[in-house]
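**Student:** what would the 3D arrangement of this be:
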Amino acid sequence: MAHDPVVDPGSKDVKRLNRLSRELDQARERLADQLSDPDVLVRELVAVGEGFQLSDVDPHSTPGFGGNKRAGKAALAAGEQRLSGLQERLYAESKGGGKRSLLLVVQGMDTSGKGGIMRHVVGAVDPQGVRHTAFKKPTDEERAKGFLWRIRQALPQPGEIGVFDRSHYEDVLVVRVHDLVPQATWSKRYAAINDFERRLVERGTTVVKVMLHISRDEQKERLAERLARPDKYWKYNPGDLDERAYWDDYQQAYQVALTRCSTQAAPWFVVPADRKWYARWAVQQLLIEHLEGMAPQWPPADFDVAAEQARLASS
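**Tutor:** Modelled structure (predicted):
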């Protein structure tokens, strides 16, 4: 009976492969540094500040990145290990009693690339430290409990990165556009959201809010691709075309939500998303920048290290 050959982890071939792998990682990191300005944070380039106008943001632009699609994919790959390491430290910190967490809120028009962010950015870290929630149309029970009730149930626990695919902002976006509740009701929600997010930050959660901003033409192309390819039919929803008819209303609703709810505690970031590769890289960088700002720490050992080393040596 044939057996697969046993590879000696100390063999020259394995050592050579490991060395080549390290050199490839280092080359990717150098490439990312060359194509992005290390002295400029992405968060500073895409933040919603005073006088912000959504219509002034070019959805096809690539703030902070000077390369093409191929280079962008390489830079995204180069950042995976960095993001994963920071996420692991945050998760480990909670095992030592740490209470901090991070919440990534992702909003955007239909086809803006929210799913791609989940797969290519969030999907690169350890799933045990991630809590992902995709918010759909609220149930009757959820509506009866108030618009923030279901949001509170999905918040990340200490050490986790929480990810909202759509969020509480739907209650000042789709609700506003379609007049689902009286204006007197939804107009009060901006202040309620600001208060909710401020309290969340005070309890130790860093909030990163991202709008993926695509153009109307790009959305049309993406919808057309879904209709042209059988392997994309499952992603097509006729309701997306219905919502497209309200494009201008949604842009206005976003403008108000972005400016009224971009606070010092929880600012908004508008990421140009006509180029999927750029949007993924930019969101990855936003997560890295915020996690590095948090500077999560490895927890100290809760046992006698020297004693355990001695026990191991004698075992």
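
**Student:** bridging residues for Trp268?
**Tutor:** Legend: beta-bridge partners of Trp268 under DSSP bridges are Lys209.

**Student:** so for it, what pLDDT did the model give?
**Tutor:** Listed pLDDT for Trp268 reads 98.

**Student:** for Gly79, same thing?
**Tutor:** On pLDDT, Gly79 comes in at 96.

**Student:** just to check, it is in contact with Leu286?
**Tutor:** No: contact status for Gly79 versus Leu286: not in contact, 10.9 Å apart, counting by CB atoms under 8 Å. C-beta coordinates here come from the backbone N, C-alpha and C atoms, glycine included.

**Student:** ok, longest helix in the protein?
**Tutor:** With DSSP state H setting the assignment, residue counts place helix 69-95 as the longest helix in the chain.

**Student:** which elements pack onto it?
**Tutor:** Packing contacts for helix 69-95, counted by 3 or more CB pairs under 8 Å, 6 or more residues apart in numbering; DSSP states H and E, involve helix 12-35, strand 101-108, helix 276-294.

**Student:** go with 7 Å
**Tutor:** helix 12-35, helix 276-294 (3 or more CB pairs under 7 Å, 6 or more residues apart in numbering; DSSP states H and E).

**Student:** what's the least confident stretch among these?
**Tutor:** Among the helices and strands packed on helix 69-95, helix 12-35 scores lowest, with a mean of 63.

**Student:** check which element follows that helix along the chain.
**Tutor:** Sequence-wise, the next helix or strand downstream of helix 12-35 (DSSP states H and E) is helix 42-46.

**Student:** distance from the chain centre to that next one, please.
**Tutor:** Between the centre of helix 42-46 and the centre of its host chain there is 14 Å, according to CA atoms, centre = their mean, to the nearest Å.

**Student:** for it, what is the average pLDDT?
**Tutor:** This predicted structure assigns helix 42-46 an average pLDDT of 96.

**Student:** next: stretch 55-62.
**Tutor:** In this model, stretch 55-62 carries a mean pLDDT of 97.

**Student:** residues of that stretch that come out buried?
**Tutor:** Judged by neighbour count (16 or more other CB atoms under 10 Å), stretch 55-62 contains these buried residues: 57, 59, 62.

**Student:** mind checking which of these are in strands?
**Tutor:** Using DSSP state E, no member of the buried residues of stretch 55-62 falls in strands.

**Student:** pLDDT below threshold where in the protein?
**Tutor:** Within the chain, the stretches with pLDDT under 70 are 1-11, 21-39.

**Student:** spatially central residue for it, please.
**Tutor:** In the chain, the residue lying closest to the centroid (CA atoms, centre = their mean) is Leu104, at 5.0 Å.

**Student:** quick one: residues contacting that one.
**Tutor:** If a contact means CB atoms under 7 Å, 6 or more residues apart in numbering, then Leu104 has 161-163, 208, 210, 287 as its contacts.
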